[in-house]
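# Below are the sequence and a predicted model; questions follow.
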Amino acid sequence: MPRESKAERKKRTAKITASLKKLYPDAKTALRHSNPLQLLVATILSAQCTDVRVNIVTKELFRKYKTARDFAKASQEVLQDEIRTTGFFRNKAKNVIATAKKLIADFAGKVPDNMEDLLSLPGVARKTANVVLGNAFGKNEGVVVDTHVRRLSGRLGLSKQKDPVKIEKNLMELVPRKDWTVFSHLLIFHGRSVCTARKADCNECSISRFCPSSFTIAAETQAAVRRPGGRAQRKN
């Protein structure tokens, strides 16, 4: 794919978004929750852990802890044991309890619906805040950048950055604000099912025609046919 301008990249991003919306019409967060507090806690627990595992843990957790006050009163040792399988359980338990106490002290026990206040909570960075704002309050304040979004942003040529904050900035410049929340879900769904970390299945990819990585693979294959022996000499 030839070098493209920012305007061309925005048009290509729009085509990627439209195609993925058709492919994943029900794309949304996989974290099960029924209110902003549950989503906040689940997102804190999801760090370095799969959503499937978090959902298993929170199924019982949310039956026991229903309010911020419940979490604030929790014994850290007990909570650690209850969330142990999510990994980093000591730090996560500490942050959940501290966050609950701050919610009570500063926000009447309610999860705030703005970026500044969310970032004031222990253990909450932009990724967690974006998840809560976009999915619990319907507010597009940024783009969630997890491992799937980071990987696909690079493969799709939407960002050359490695830092999540810088990747988010690039994506916010390419994607219309109304699609910031859903765009991350679309990349996550596609990253889990087709463009996986182990191998990108370009032959089954509905957006391969918009992907510079896929075009590179195709170009290498075509070039290989013209080489003696017809075998691609792949680079390590």
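That came through, no problem. Every value quoted in this text rests on a predicted model; they were computed, and no experiment measured them.
# Quick check: the spatially most central residue of the chain vs M172, distance?
The centroid of the chain falls nearest to D146 when counting by CA atoms, centre = their mean (3.8 Å). According to CB to CB, to the nearest Å, D146 and M172 sit 16 Å apart. All C-beta atoms are positioned from the backbone trio N, CA, C, and that covers glycine.
# Start and end of stretch 120-128, how far apart?
Terminal residues of stretch 120-128 are spaced 12 Å apart (CA to CA, to the nearest Å).
# What are the buried residues along it?
Within stretch 120-128, the residues scored as buried using 16 or more other CB atoms under 10 Å are L121, G123, V124, R126, K127, T128.
# where does the residue nearest to the first one when sequence neighbours are not counted land on pLDDT?
Translated: L121. Closest residue in space to L121, ignoring its immediate chain neighbours: T99 at 4.6 Å, by CB to CB, 6 or more residues apart in numbering. Looking at T99, its pLDDT is 98.
# and T99, what is it in contact with?
Listed by CB atoms under 8 Å, 6 or more residues apart in numbering, the contact set of T99 reads L40, I44, F71, L121, P122, G123, V124.
# can you name the two of those that are farthest apart?
F71 and V124 (14.0 Å; CB to CB).
# any idea which of the buried residues of stretch 120-128 is closest to Q80?
G123 (14.2 Å).
# For the residue nearest to the closest one when sequence neighbours are not counted, give its distance to P36.
Leaving aside its chain neighbours, G123 sits nearest to N95 (3.0 Å; criterion: CB to CB, 6+ apart). Per CB to CB, N95 is found 16 Å from P36.
# contacting residues around the residue nearest to V175 when sequence neighbours are not counted?
Counting by CB to CB, 6+ apart, V175 lies nearest to F183, which is 4.9 Å off, once chain neighbours are set aside. By CB under 8 Å, 6+ apart, the contact set of F183 is T17, V143, L171, V175.
# tell me which element F183 falls in.
helix 180-193 (DSSP states H and E).
# Flag every buried residue along that helix.
Using 16+ other CB under 10 Å as the test for burial, helix 180-193 gives W180, T181, V182, F183, S184, H185, L186, L187, I188, F189, H190, G191.
# got the CA positions of it in CSV?
Extracted in CSV, the C-alpha atoms of helix 180-193 (Å, rounded to 0.1, in the frame of the first residue of the first chain):
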residue,chain,number,x,y,z
TRP,A,180,-14.8,6.0,19.7
THR,A,181,-16.3,3.4,22.1
VAL,A,182,-17.6,1.0,19.5
PHE,A,183,-14.4,1.2,17.4
SER,A,184,-12.4,-0.4,20.3
HIS,A,185,-15.0,-3.1,20.6
LEU,A,186,-14.8,-3.8,16.9
LEU,A,187,-11.1,-4.2,16.9
ILE,A,188,-11.2,-6.3,20.1
PHE,A,189,-13.8,-8.7,18.5
HIS,A,190,-11.8,-8.9,15.3
GLY,A,191,-8.6,-9.4,17.2
ARG,A,192,-10.0,-12.3,19.1
SER,A,193,-11.6,-14.1,16.2
